[in-house]
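Enquirer: Output the structure for:
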Amino acid sequence: MHDDRLIVALDVHTMADVQQLVTTLGDTVSYYKVGMELFYSVGPDVVRYLKQQGKHVFLDLKLHDIPNTVAGGLTSLMTLGADIVNVHASGGYTMMKTAAERLHAAAAEQGVPCPKIIAITVLTSMNDDDWAKLGETEPIADRVTRLAKLTKSAGLDGVVASPREAASIRAACGEDFLIVTPGVRPAGASIDDQSRIATPAQALKNGATHLVVGRPIRAAENPREAAISIIKEMASSN
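Expert: I've put the predicted structure just below:
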């Protein structure tokens, strides 16, 4: 029943919470996102646990620092076996290129698969008011597309962006480019702290390759049924 395009966000605090949700979802979910909240709480053991369960892992730590530090951080994280890692595109071309080159070289040296490297464009919680308060005048959608093109030119595999910008990214960056979209909400669901959102079917039709869904599944009365419902909605976009 699972669909590898669905990534469930494990935005919890403890390994017990992780194990309960992963057990509850069972074979309906094959891909999980581990973000700062969980990783900073329980550490790398959560990634090892998920891999032992045969799951794919998106390690969402959003590295953003000088090129050498980011490259070193990613090569250290690579040993955990995550399938996708990420950095901030706003760190710049040199940072991204250095990170990609070093990570691929380290993977080849160690004889292990290199995780996909993607870059954050503009956070999906960002709205026009917050954007203007940063002194930005370029529309968010234009900035996202420009950062996506920069990410591709630096040799990365894709980006994180809102589903609303997926179509323009797909047009600018081609078919073999990952577009991982948070801010996905089933019809009628609460938008919580997201601003630029879309339904699962809309996000896929716009060009997204992966959908990150957290609260609509985790906080549902029946998380397994909620996941199945989203997978069915995703199938309607095929």
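Enquirer: Arg164 contacts Lys205, doesn't it?
Expert: No - Arg164 is not in contact with Lys205 according to Cβ atoms under 8 Å; the separation is 11.9 Å. (Each C-beta comes from the backbone N, C-alpha and C, glycine too.)
Enquirer: Settle it for me: which of these two has more neighbours?
Expert: Per other Cβ atoms under 10 Å, whichever of Arg164 and Lys205 has more neighbours is Arg164, with 20 against 16.
Enquirer: Met126 against Ile140, yeah?
Expert: Yes - counting by Cβ under 8 Å, Met126 does reach Ile140; the two are 6.5 Å apart.
Enquirer: Between those two, which is the more surrounded one?
Expert: More crowded of Met126 and Ile140, by other Cβ under 10 Å: Ile140, with 22 against 19.
Enquirer: Go ahead and name everything in contact with the lengthiest helix in the chain.
Expert: The single longest helix within the chain, with elements called by DSSP state H, is helix 93-110. For helix 93-110, contacts defined as Cβ atoms under 8 Å, 6 or more residues apart in numbering pick out 63-68, 70-72, 74-75, 78, 85, 87, 89, 113-115, 117, 119, 150-151, 153-156.
Enquirer: Please identify the buried residues of that helix?
Expert: For helix 93-110, burial by neighbour count (16 or more other Cβ atoms under 10 Å) applies to Met95, Met96, Lys97, Thr98, Ala99, Ala100, Arg102, Leu103, Ala106.
Enquirer: residues in contact with the residue sitting nearest the centre point of the chain?
Expert: Computing the C-alpha centroid of the chain and ranking residues by Cα atoms, centre = their mean puts Val180 first, at 5.0 Å. Applying Cβ under 8 Å, 6+ apart to Val180 gives the contacts 7, 58, 84, 118, 158-161, 208-212.
Enquirer: Most neighbours among those, please name it.
Expert: Busiest of these [other Cβ under 10 Å] is Ala161, holding 33 neighbours.
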